[in-house]
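Novice: Below is the structure, and that's it, no one-letter string:
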């Protein structure tokens, strides 16, 4: 048997940049999204679809708020808390915002340490992110309880326009569900990291794909998206 | 042993990062984190000081878009992605402006008809 001859085809050509690069990437064979792992491109496309879902909620909220003839309850007062004998407007929501932004910061650093294959730091930062996320959900549960005790229902409330309740429970409920699912997946990812699944390329629970550190970044994309949605909810629902 | 292993993988990881991963100095994340804190505090202060009218409206929108931009660009690494991915993800949401416009038109019309037909003084 003769040895097969190695034929060098040289380095692959550099990818074109700018608009020609977009045309070349999207019209190319096999993979349109060069440089990114398949799972990451798919996560982006899922997030794009989720963007449309949340946008539909927020635009519906705008439509009902603009069309109601009843006065809209003032969020600044509805979400005020009395702390140390002083009534501070919107303070709970502000704290929730800072908690979620902090969790985004720790998530970004977890991704960085993940690509450095620093298992311990990635694990710790993922757990901190999950803990902050769980705190956020807890505060949201507190806020829901408070509003329900004050008589806010999806079909009406004592403060004004009935649509306030439906928009509030729908939008924050959907966002809270996203955060809760994120916390669960953060914990799963953290376990995968510390167990060494990503170093050993162990396949996942429901997939035959090998575990790689890119899953930390994909998890991060989802988590940052949850924070991103909150930025819009905070501005459009609470501050308006 | 535990210390030696990451070192060994270091060079390999670096090479891999150039091909696929997103590796950036930790400083940029901390700076953006700080900036997001400042912007959030600013938008909270808009409410705290009871700013009203167009000033409130424009400040809220500008701060919101700045925060969203920073999260997408840096935390989600869009700054460093190839343009094909950036355009595929960032351009479609522009279509939502159409839905926004339709919603606003519909809301104005509903408000008008409610004002005409559901005016409580007439009942």
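Specialist: Great, that's in hand. These figures come from a predicted structure and were not determined experimentally.
Novice: Confirm residue A:92 sits in a strand?
Specialist: No. Applying DSSP: H, G, I helix; E, B strand; the rest coil, one finds residue A:92 to be helix, outside a strand.
Novice: Please report the distance of it from residue A:98.
Specialist: Computed as Cβ to Cβ, to the nearest Å, the residue A:92 to residue A:98 distance reads 11 Å. All C-beta spots, glycine's among them, are computed from the backbone N, C-alpha and C.
Novice: cool, residue A:39 as well?
Specialist: As for residue A:39, its distance to residue A:98 is 31 Å (criterion: Cβ to Cβ).
Novice: any idea how far the helix or strand harbouring residue A:226 is from the chain center?
Specialist: Using DSSP states H and E, the element containing residue A:226 is helix A:214-233. Here helix A:214-233 is found 3 Å from its chain centre; the criterion is Cα atoms, centre = their mean, to the nearest Å.
Novice: Quick one: list the elements packing against that helix.
Specialist: When contacts are defined as 3 or more Cβ pairs under 8 Å, 6 or more residues apart in numbering or on different chains; DSSP states H and E, helix A:214-233 packs onto helix A:38-67, helix A:91-115, helix A:119-149, helix A:163-195, helix B:53-70.
Novice: List just the one of these that sits closest to residue B:82.
Specialist: In terms of Cβ to Cβ, the element of those nearest to residue B:82 is helix A:38-67, at 10.6 Å.
Novice: quick check: angle from the closest one to helix A:163-195?
Specialist: 160 degrees (axes from the mean of the first three to the mean of the last three Cα atoms, to 10 degrees).
Novice: which sections of chain A are below the confidence cut-off?
Specialist: A:1, A:9 (pLDDT under 70).
Novice: same deal with chain B?
Specialist: In chain B (pLDDT under 70), the answer is B:1-20, B:119-123.
Novice: what about the helices in it?
Specialist: Residue ranges of the helices in chain B, as given by DSSP state H, are B:4-19, B:26-48, B:53-70, B:83-90, B:96-117.
Novice: From the chain's centroid, how far away is the third one?
Specialist: The reference is to helix B:53-70. Distance of helix B:53-70 from the chain centroid (Cα atoms, centre = their mean) equals 11 Å.
Novice: the domain parsing of chain B - what is it?
Specialist: As given by automatic domain parsing, the domain ranges for chain B are B:4-81, B:91-123.
Novice: just these: most buried one?
Specialist: Of all those, domain B:4-81 has the most neighbours on average by mean count of other Cβ atoms under 10 Å in any protein chain shown, namely a mean of 15.
Novice: chain center to that domain, what's the gap?
Specialist: That offset, for domain B:4-81, works out to 9 Å (Cα atoms, centre = their mean).
Novice: from memory residue A:108 sits against residue A:223, does it?
Specialist: No. Contact criterion Cβ atoms under 8 Å: residue A:108 and residue A:223 do not qualify, at 9.1 Å.
Novice: Neighbour count: these two, which is higher?
Specialist: Ranked by neighbour count (other Cβ atoms under 10 Å in any protein chain shown), residue A:108 and residue A:223 place residue A:223 first, with 31 against 28.
Novice: okay, now the residue nearest to residue A:197 when sequence neighbours are not counted: neighbour count?
Specialist: Spatially, and ignoring its direct neighbours in sequence, residue A:197 is nearest to residue A:211 (4.3 Å; Cβ to Cβ, 6 or more residues apart in numbering or on different chains). A count of nearby residues for residue A:211, using other Cβ under 10 Å, gives 20.
Novice: Just give the closest residue to the residue nearest the centre of chain B, not the sequence neighbours.
Specialist: In chain B, the residue lying closest to the centroid (Cα atoms, centre = their mean) is residue B:68, at 1.6 Å. Excluding its sequence neighbours, the residue lying closest to residue B:68 (Cβ to Cβ, 6+ apart) is residue A:231, at 5.3 Å.
Novice: Next, count neighbours for that neighbour.
Specialist: Residue A:231 sits with 26 neighbouring residues when counted by other Cβ under 10 Å.
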